[in-house]
Structure formats: structure tokens, C-alpha cells
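Visitor: here are the coordinates; sequence isn't available:
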């Protein structure tokens, strides 16, 4: 497969292109653009989080989980990554494992359940 279009341009141009694909709900194309971008700037959370979301929406749940775990490992208080990780685990039927991430995400958002 020719990926020249997906890899073409500056990181900023590819970020914008990925966002356009994502907004158009073409999650697979967004992931193709973002994969190269994440490899180029692995320390940046934004592209990796959008890649995880693209994987999630295209039902590539193991890939989404992998990206989200990298984010949470680097930044344990990244609320949205925790929430997405919990939801990704739920969609895989791993409810017990998801529960802890969802509780942490709620706490980070300032919502505390009276359990």
C-alpha cells in the first residue's frame, strides 16, 4: 500500500490532516496519518491520544489499549486517557480491569461516588 499521502508534509500539516480525517469519521485514514506522526514525536500526548481514539472508533481495541497505556504510564493523571482506557477495556469485556481506570478518571474529574 502506498502511504506517501499519509506521510507527506510537516508534522503540523499531518496533524491537521489527521484531524480532518477524524472529524470526517474516517478513523482508519486518521490512524494511518497518526501512526507516522506518533513515531516521529513519541513524547507528545496529543497525537498519541488521537491515534488511540481513532483505533477505538474503528474497533481496533487492542491497539487503542496499547496507546492509552503508554499515555497513562507517562502521565498517570491524564484524565481523558484514563477514561478512554476504561471504556476500551469495557468494550473488550474486561469490566473488572476497566473499573479502576474509570474510578480514577472520575476522581480526576472531581466526581466522587459514594461507594
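Guide: Nice, I can see it. Small disclaimer: the values here were computed from a predicted structure and weren't measured.

Visitor: need the residues that contact the helix or strand of the chain with the lowest mean pLDDT.
Guide: Within the chain, confidence by mean pLDDT, DSSP states H and E is lowest for helix 4-7 among all helices and strands, at a mean of 74. Contacts to helix 4-7, defined as Cβ atoms under 8 Å, 6 or more residues apart in numbering, come from residues 14, 17, 29, 32, 33, 36. Just so you know, the C-beta spots here come from the backbone N, C-alpha and C atoms, and that holds for glycine as well.

Visitor: which among the residues you listed end up buried?
Guide: For the contacts of helix 4-7, a burial check counting by 16 or more other Cβ atoms under 10 Å picks out 14, 17, 29, 32, 33, 36.

Visitor: so after whichever strand or helix holds the fourth one, what's the next helix or strand?
Guide: Which is residue 32. Assessed by DSSP states H and E, residue 32 sits inside helix 27-40. Downstream of helix 27-40, the first helix or strand assigned by DSSP H and E is helix 45-57.
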